[in-house]
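Participant: Quick check, what structure comes out for this input:
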Amino acid sequence: MEQQATTAAAAPGMAGVGRARIVHPKGLYYLAFTEAWERFSFYGMMALLSLYMVNELLLPPHAGQVAGLAALRAALERFAGPLTPQAFASQIFGLYTGFVYFTPLAGGAIADRWLGQRNAVVLGALAMAAGHLAMTFDATFLAALLLLVVGSGFLKGNIAAQVGALYGPAEEARRARGYVIFSTGINIGAIAGPIVCGLLAQAFGWHYGFGIAAVCMLLGLATYLYGYRWLPARAPPAPPQARPDGAALTRAEWRVVGALVAVMLITVFQSVAYYQVFNVLPLWIERYVEPGIAGFQVPVPWHLSVNSVFSVLGVPLVLWIWRRQAARGREPDDLAKIGTGAWLCAAANLILVAAILGAAHRAMSPIWPFLYSVLLGISFLYYWPTLLALVSRAAPARVGATLMSAAYLSLFVSNILIGWLGGFYERMTPAAFWGLHAAVGAAGGLCVLLLGRPLARALHTARPVCA
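Facilitator: The predicted model follows:
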């Protein structure tokens with residue numbers, strides 16, 4: 001969901017999207033459809049991953065067939081102690097999702113220096129398709145995750161850079177609207193992937209869910225290759241004023257850098273409280289939530305589409321709230337919005353705590369994880385797009401790209417922590433586990449309350465870009 005940030009951040013330009021088809025470069029639509037297929041496969045596979053590992057792969061006899069699994073378990077247990085299948089699955093999940101956000105730094109550097117963005121995206125798509133296909137075999141499970149991490153590194157940042165490269169330096173308004181169209185593909189894939197892959201996995205077996213993810217990744221590659229001639233081979237270099245020129249940052253600029261890094265570290269709390277939705281939540285739903293509605297057996301992965309749906313549907317609502325607040329002179333600044341996102345993450349987790357305590361060991365209604373996911377979707381819009389907008393506006397020009405990459409590295413840290421915290425799930429009661437995540441989210445809100453004013457002074461915060 002991290003890339004959905006573009007939708008909210010650029011939403012003021014959405015009024016032009018209906019007219020954009022006749023004025024945007026043709027390559028934009030090939031990139032948007034490619035990304036829709038890629039996100040479909042990524043989020044579809046993510047929705048199955050924890051359930052598949054805990055319910056099948058890490059149990060005998062499957063675990064003994066996975067190449068390298070025993071060595072990985074031994075390495076992790078040196079640091080974490082003995083691991084149950086669920087705790088081991090959580091560690092694998094955290095490492096995989098963490099490195100998905102780390103490798104784009106290397107992939108972008110390789111594309112800039114040697115391959116070019118177009119060739120890098122093709123290489124990344126091939127690696128990801130091979131990874132999804134390898135997921136259908138027990139023996140190649142870890143190799144599959146490695147291929148997906150490497151493929152994401154080549155594809156993720158480079159395809160987004162190509163969107164910007166379709167426009168000239170004087171086309172900022174069209175570029176912003178172009179990213180809205182591109183984000184629409186991301187959102188469609190993030191919503192549809194868990195629904196389709198989850199349904200196939202429930203009806204026919206895990207490997208059919210992973211298999212359709214591989215097919216969709218190949219469709220994404222075919223879409224990209226079909227539009228190849230309309231796509232820039234290389235994104236143009238940054239304008240001279242945005243590149244390092246050998247001059248040292250001033251003391252004031254270093255204060256801004258330090259403040260932005262501090263804000264990124266604060267958002268780690270929100271991200272930990274948010275992204276556990278993909279790791280432990282499916283296991284909790286499978287065990288404690290009523291499986292059907294009106295006689296229909298709801299696939300567990302379908303629950304993971306709800307937060308994506310409301311990250312889309314919530315955009316007009318959130319922007320309306322901010323406009324109403326601005327009209328009264330009470331619109332919160334960027335840091336306050338980030339803090340609000342933290343409190344909403346905490347409140348979402350408290351919904352699960354309240355439902356658990358009120359259920360008295362009965363199966364719970366699906367309405368509770370639904371409400372949890374709705375609130376998470378809204379919380380995402382408050383904190384993540386605002387962080388990216390703040391970095392893009394406040395960062396010194398010479399280190400703007402570096403700090404934007406650092407913002408995504410906060411997701412690397414968050415997902416490693418998510419995997420580690422998920423290992424405590426079986427050692428705690430469900431109420432205590434989700435209560436812990438409510439406390440983690442609230443810690444982000446408290447950090448903003450305590451540090452917001454000095455950070456705002458260091459950043460010279462103006463009116464927020466997202467309004």
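Participant: what helices or strands is the helix or strand containing residue 210 leaning on?
Facilitator: Secondary structure assigned from DSSP states H and E places residue 210 in helix 206-226. Packed against helix 206-226, as judged by 3 or more CB pairs under 8 Å, 6 or more residues apart in numbering; DSSP states H and E, are the following elements: helix 26-52, helix 117-134, helix 172-204. Heads up, the C-betas are built off the backbone N, CA and C, glycines and all.
Participant: hey, which of these is tucked in deepest?
Facilitator: helix 26-52 (a mean of 25; mean count of other CB atoms under 10 Å).
Participant: Contacts for the helix or strand that it is followed by next, please.
Facilitator: Remark: after helix 26-52, the chain's next helix or strand is helix 69-80, criterion DSSP H and E. Contacts to helix 69-80, defined as CB atoms under 8 Å, 6 or more residues apart in numbering, come from residues 58, 63, 83, 87, 88, 91, 92, 141, 142, 420, 423.
Participant: Can I get the helix holding residue 210 in PDB, CA atoms only?
Facilitator: Written as PDB, here are the backbone C-alpha positions of helix 206-226 (Å, rounded to 0.1, in the frame of the first residue of the first chain):
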ATOM      1  CA  TRP A 206      -2.500 -22.800  -2.500                       C
ATOM      2  CA  HIS A 207      -0.500 -23.300  -5.600                       C
ATOM      3  CA  TYR A 208      -3.400 -22.100  -7.800                       C
ATOM      4  CA  GLY A 209      -3.400 -18.800  -5.900                       C
ATOM      5  CA  PHE A 210       0.400 -18.500  -6.500                       C
ATOM      6  CA  GLY A 211       0.000 -19.700 -10.100                       C
ATOM      7  CA  ILE A 212      -2.400 -16.900 -11.000                       C
ATOM      8  CA  ALA A 213       0.000 -14.400  -9.500                       C
ATOM      9  CA  ALA A 214       2.700 -15.700 -11.900                       C
ATOM     10  CA  VAL A 215       0.200 -15.400 -14.800                       C
ATOM     11  CA  CYS A 216      -0.600 -11.800 -13.900                       C
ATOM     12  CA  MET A 217       3.000 -10.900 -13.600                       C
ATOM     13  CA  LEU A 218       3.600 -12.300 -17.100                       C
ATOM     14  CA  LEU A 219       0.600 -10.300 -18.300                       C
ATOM     15  CA  GLY A 220       2.200  -7.200 -16.800                       C
ATOM     16  CA  LEU A 221       5.400  -8.000 -18.700                       C
ATOM     17  CA  ALA A 222       3.500  -8.500 -21.900                       C
ATOM     18  CA  THR A 223       1.800  -5.200 -21.400                       C
ATOM     19  CA  TYR A 224       5.100  -3.400 -20.800                       C
ATOM     20  CA  LEU A 225       6.800  -5.000 -23.800                       C
ATOM     21  CA  TYR A 226       3.800  -4.100 -26.000                       C
END
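Participant: Tell me which of the helices and strands packed on helix 206-226 lies nearest to residue 403.
Facilitator: Residue 403 sits nearest to helix 172-204 of all those, at 18.6 Å, using CB to CB.
Participant: before we move on, the earlier item: mind checking which of the helices and strands packed on helix 206-226 is nearest residue 218?
Facilitator: helix 117-134 (5.0 Å).
Participant: Output the contacting helices and strands for the closest one.
Facilitator: Other elements packing on helix 117-134 under the criterion 3+ CB pairs under 8 Å, 6+ apart are helix 26-52, helix 85-110, helix 141-165, helix 206-226.
Participant: Report the angle between the longest one and helix 206-226.
Facilitator: In terms of direction (axes from the mean of the first three to the mean of the last three CA atoms, to 10 degrees), helix 26-52 departs from helix 206-226 by 170 degrees.
Participant: got the angle between helix 26-52 and helix 141-165?
Facilitator: 150 degrees.
Participant: show me where pLDDT drops low in the stretch 101-250 of the chain?
Facilitator: 171-173, 176, 180, 235-247 (pLDDT under 70).
Participant: Please identify which of the helices and strands packed on helix 206-226 is closest to residue 287.
Facilitator: Relative to residue 287, the nearest member of the helices and strands packed on helix 206-226 by CB to CB is helix 26-52, separated by 11.0 Å.
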